[in-house]
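1. The following block contains a protein sequence and its predicted model.
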Amino acid sequence: MMVRLAVRNIFRNRRRSLMTAALVAMGSLALLVFGGFVTNIFAGLETGIVQNGGHLTVYRSGYFLFGPGNPAAYGIDDHETLMHEIEADPVLHGMTRVITTSQSLVGIAGNFSGGTSASKTFFGVGLIGADRERMHTWNDYGAGRVYPPDDRLLDPTAARGVIGRGVARMLGLCAQLHVPNCPAPEARPAPEGAAAPLDPGLAELALGEQGPAPDANAAPRIDLLSATANGAPNIVGLEVAGVDIQSVKEIDDNYIAMPLALAQQLVYGRGTHKVTAITLQLTHTADLPAARARLTALIAEKQLPLEVRDFKEMNPFFTQVVGMFSVIFLFLTIIMGVIVLFAVVNTMTMNVMERTNEIGTVRAMGVRRSGIRRLFLLEGALLGGMGATFGVVLAFLAIWAINHGGFVWTPPGNTDPVPFLLAWPTRPGLLFGSWFGLVLVATLATVPPSNRAAKSRIVDALRHV
């Protein structure tokens, strides 16, 4: 009976009730659509990071703070034995999808072919191409980039690699590699008395390494100069198989990837070959805490001078983006809650004023004050529930329309436009949290008017005009 009375009272003034329910629906729509937007950003960023860098990385102690400036000094000794132990561990084996190694290096890249004389510093990585290809297929959320098959780094013995678009631009390789959106540098005459742009020692090493002049139709070739672990200069030739555009411009302007064996040859020469990192890509991100704890315990048992870092520590940009959008979502939630609160308070206050005589009548018939409160609270809850439910339906329709609209944008961490998509708000915390939150706000907004109605004197209510 109480529910029937509440429903009838809501529809006594349809226009007012519909306007209030519409405001609640708009709040639900805004929260779910923006929640889908934020969820898609988080999933896309995480997927891109995990596809290229995995979930967990093992480094030599101190590398995280000091190693990028001198990777050769922070190589992991006997890394093959450690990898076998990780693969054989019963806990990590069930969680790990890919385990691979890589070697970081820094140096100078030069292009001295075809009359070109250009060089620049680079940050390179030596990796195992087959493992890289498998890592690129990780897409647990369905929000990541789909990488086409790439065989440029699959041959571990070839002196072939890929470079960033910025590296190709600065070395004058855009035309040879047929790179779009990659202008050639302007030809500028050297000022009178200017020094030679190329260090004579590097030029001599490069010319000696080049051998005979390359075929004009062959893939372009660059020379990489770096210091070995002993401090001696070393140089290798690299055939550029293509461009691998990086999401961050600063990385793209310095990125060179090559087979692991070639990077080790450049860094360690004839010495013992080591690796900079052992990377683990898990099947599911949810296993990250347990996998990290077990990996840390395994390293401690062996008393190895190593440390474990997860993808969030290695990519502070991800944590910053998550924090920023979480705060924005919190502010939006507060704003929507305040709007719903005042709208429901206004509507229920008008209802109480219009039904003062009725309140006095039912009170005279023996209905207690608590019964009056329950009736108005139930009306507020039903009004909020109707609006929130309608908002959920509108949100799903809006997300479907946006996802099929063909919109594009450039999200954080990307250099090129990608399709603008929203994640479906199916997470219980988002879907039910926003629904129950708005219903709760609508119910609490009814408390002041319901208290006023319940505390009114029967005689005053009956003679109210």
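-> Structure's in. What do you need? Numbering: from 1, shown residues only.
2. tell me the SS of Val236?
-> Assigned by DSSP: H, G, I helix; E, B strand; the rest coil, the conformation of Val236 is strand.
3. Could I get the contacting residues of the nearest residue to it once chain neighbours are set aside?
-> In space, and not counting its chain neighbours, Val236 is closest to Leu266: 4.9 Å by Cβ to Cβ, 6 or more residues apart in numbering. C-beta: built from backbone N, CA, C; applies to glycine. With contacts defined as Cβ atoms under 8 Å, 6 or more residues apart in numbering, Leu266 is in contact with 105, 107, 224, 226, 228, 234-236.
4. Quickly find the element holding Leu266.
-> When secondary structure is defined using DSSP states H and E, the element that contains Leu266 is helix 260-268.
5. coming back round to it: separation between the residue nearest to Val236 and Met258?
-> According to Cβ to Cβ, to the nearest Å, Leu266 and Met258 sit 8 Å apart.
6. How about Gln103?
-> Relative to Met258, Gln103 is positioned 9 Å away (Cβ to Cβ).
7. Are there residues contacting both of the two? Which ones?
-> Both Gln103 and Met258 are contacted by 125-127, under the criterion Cβ under 8 Å, 6+ apart.
8. now, among the residues you listed, which is nearest to Trp409?
-> For Trp409, the nearest member of those is Val125. The distance, counting by Cβ to Cβ, is 28.9 Å.
9. and the closest one, how many neighbours?
-> The number of residues packed around Val125, counting by other Cβ atoms under 10 Å, is 20.
10. I'd guess it is in a strand, am I close?
-> Yes. Residue assignment for Val125, taken from three-state DSSP, places it within a strand.
11. quick thing: my sequence starts at 669, can you match it?
-> All set: I'll call the first residue 669, so the last point we hit is now Val793.
12. That one against Ala925, yeah?
-> Yes. With the criterion set as Cβ atoms under 8 Å, Val793 and Ala925 qualify as a contacting pair; they are 5.4 Å apart.
13. coming back round to it: how about the CA coordinates for the helix holding Leu934, as CSV?
-> Below are the C-alpha coordinates for helix 928-936, written out as CSV (Å, rounded to 0.1, in the frame of the first residue of the first chain):
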residue,chain,number,x,y,z
LEU,A,928,69.6,-8.5,-28.8
ALA,A,929,72.8,-10.1,-30.1
LEU,A,930,73.8,-7.0,-32.0
ALA,A,931,73.2,-4.7,-29.0
GLN,A,932,75.3,-7.0,-26.8
GLN,A,933,78.1,-7.0,-29.4
LEU,A,934,78.0,-3.2,-29.4
VAL,A,935,78.0,-2.9,-25.6
TYR,A,936,80.2,-5.8,-24.5
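14. May I have the strands that pair with whichever helix or strand comes after that helix, each with its orientation?
-> On the C-terminal side of helix 928-936, the nearest following helix or strand under DSSP H and E is strand 945-950. Neighbouring strands of strand 945-950 in its sheet, by DSSP bridges, are strand 724-728 (antiparallel), strand 764-779 (antiparallel).
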